[in-house]
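[1] what follows is a predicted structure for the sequence shown.
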Amino acid sequence: MKRINAFCFVILAVIFMFIGTTEAANLFSNPGFENGLNDWQEIWGFPSILSSDQHHSGAFSASKEVGFVYKEYWSQIAQDIAIAPGEPLYARIYAMSTFNPEGTARAGLMLQFLDVNGNVIGATINSSKIGGKTAWRLLELTAKSAPARSVKARLSGYLWAQIGDSLSLQKGKVYFDDAFADKRYQLPKPQTALLNQGFENGLNDWIDVYGYPAVVIKSPIHSGIYAARKSVATVATQDYWSELRQEIKCPAGKKVVASVFAKTIMNVQANAKAGLQISLLNASNKVLKSYSTVIGGKTDWKKLALSVSKTPTSTAKVLLSVFLYAPRGDQISVGGKGYFDDTRLAITTPATASSPEEASATIDDKVAVVENGMMPDNLIADNSALTVISD
């Protein structure tokens, strides 16, 4: 009898485990466009096209193209889902794009909450974006709690392009397929590898923050077809700082090796620098450690590299940045340019396994430890004349 009870207990445990890992019913109707574009609504821009040439699964997907650029282009394909205040929501969709990598066209998944009058309330939530030539990719978003007065959640696949962008005008498409939504809070899967390492897909997958936007160029390049360029715009009121970055999952106790090929065309008397930086972050995005290495003046393509021997306890992610810096008032830095190509990032387990320790970074066989090095005044000197900075 005891054996029977034990056996039944095991069977029930397996059943409940299976139930716990099974997704709830999909809140989207016609999520894979196998019934054409029915149940989906078009908002702004040109209407979607039912496509059979590209599909993530099944036989069809929905596609959009940039229809005009006399003003910013914006177009959505959407469904509204009933929701009550306080309810969570998770959604995903697969998307791929065939745009010119030099164009500005970007696509993603968007969530908006609506009140009884159809007005948008609360913050709009967006997934990561795709653009250029991107293979099928999972786009996800989540909301912990619908705001007060919510009656609907509008989930949209969207397409955007900058005003005057003739490179994207009716050239290339974005495809959407296999949408899914249910009422739970689930964080999107973190990025686990560096994307678009050599800028061969333009600036897509790189987050461009601070200063003037980067430009994708065909000359000079280190390899391939494209590289990225940043320019010093102004130093009148503050230090100039501009960067391209990606955030990648990285647990504690890992070895991190990062590199980029960089080139500078600057006044040799200027204090402007172009460089590579890696910052180790915890789950709350607090910077635990940060390391930088830079070049300046008229430096031809040079490999900048950083190696962290072991990431410290509570590390959750690494932020890799290529950046341009100039100090306030250094007027001869204005117009200086930094070029970047062929970035690399490797996250591995150290050869000798032991508990995570305080990290250190090696640059040209010298060690530099910089606390909160994202601040411009914590930049490490040029590789050729490295000074060691410690806490």
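    In hand now; what should we look at?
[2] so what's N100 up against?
    G132, L167, S168, K171, G172, G202 (Cβ atoms under 8 Å, 6 or more residues apart in numbering). Every residue, glycine included, has its C-beta placed from N, CA and C.
[3] can you add neighbour count and secondary structure and give these back as CSV?
    Below are these laid out as CSV (neighbours: other Cβ atoms under 10 Å; DSSP: H, G, I helix; E, B strand; the rest coil):
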residue, neighbour count, secondary structure
G132, 25, coil
L167, 19, coil
S168, 24, coil
K171, 15, coil
G172, 20, coil
G202, 25, coil
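[4] going by distance to S48, which of the residues you listed wins?
    Nearest to S48, judged by Cβ to Cβ, of the contacts of N100 is G172 at 14.7 Å.
[5] helices of the protein, residue ranges please.
    2-21 (DSSP state H).
[6] would you point out the most distant pair within the contacts of N100?
    Top of the distance list for the contacts of N100 (Cβ to Cβ): K171 and G202, 13.6 Å.
[7] can you list residues touching both of those two?
    N100, G103.
[8] which parts of stretch 137-154 are buried?
    137-143, 146, 150-154 (16 or more other Cβ atoms under 10 Å).
[9] over to stretch 331-339?
    I332, S333, V334, G336, K337, G338, Y339.
[10] show me how the chain divides into domains.
    The record's domain parsing of the chain by automatic domain parsing lists 41-182, 207-385.
[11] among those domains, which comes closest to P31?
    The closest of those to P31 is domain 41-182. By Cβ to Cβ, the value is 4.3 Å.
[12] now the terminal residues of the closest one, how far apart.
    Distance between the boundary residues of domain 41-182 (Cα to Cα, to the nearest Å) amounts to 19 Å.
[13] about what we covered before: so which of the buried residues of stretch 331-339 is the closest to N126?
    G338 (28.7 Å).
[14] name the nearest residue to that closest one, ignoring sequence neighbours.
    Leaving aside its sequence neighbours, G338 sits nearest to A274 (Cβ to Cβ, 6 or more residues apart in numbering; 2.9 Å).
[15] my guess is that neighbour contacts F323, does it?
    Yes. Under the criterion of Cβ atoms under 8 Å, A274 makes contact with F323 at 7.1 Å.
[16] returning to that earlier point: farthest pair in the buried residues of stretch 137-154?
    Among the buried residues of stretch 137-154, R137 and V151 lie farthest apart (Cβ to Cβ), at 31.3 Å.
[17] those strands in the stretch 251-391 of the chain, which residues are they?
    255-265, 273-281, 287-295, 298-308, 317-326, 337-348, 361-363, 366-368 (DSSP state E, counting those that start in this stretch).
[18] same list, the ones you listed, but as TSV with mean pLDDT please.
    Written out in TSV, the entries for the strands of the stretch 251-391 of the chain read as follows (pLDDT from 0 to 100):
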stretch	mean pLDDT
strand 255-265	98
strand 273-281	98
strand 287-295	97
strand 298-308	98
strand 317-326	98
strand 337-348	98
strand 361-363	59
strand 366-368	41
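[19] so which of these comes closest to I77?
    Taking the strands of the stretch 251-391 of the chain one by one with Cβ to Cβ, strand 317-326 is closest: 32.0 Å.
[20] helices or strands up against that closest one?
    Counting by 3 or more Cβ pairs under 8 Å, 6 or more residues apart in numbering; DSSP states H and E, the packing neighbours recorded for strand 317-326 are strand 227-231, strand 240-249, strand 255-265, strand 273-281, strand 337-348.
[21] pretty sure Q277 is one of the things S321 touches, is it not?
    Yes. In this structure, S321 is within contact of Q277 by Cβ under 8 Å, at 4.5 Å.
[22] redo the helices and strands packed on strand 317-326 as CSV? Include distance to K302.
    Shown next, in CSV, are the helices and strands packed on strand 317-326 (distance: least, Cβ to Cβ, whole Å):
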stretch, distance to K302
strand 227-231, 13
strand 240-249, 18
strand 255-265, 6
strand 273-281, 10
strand 337-348, 11
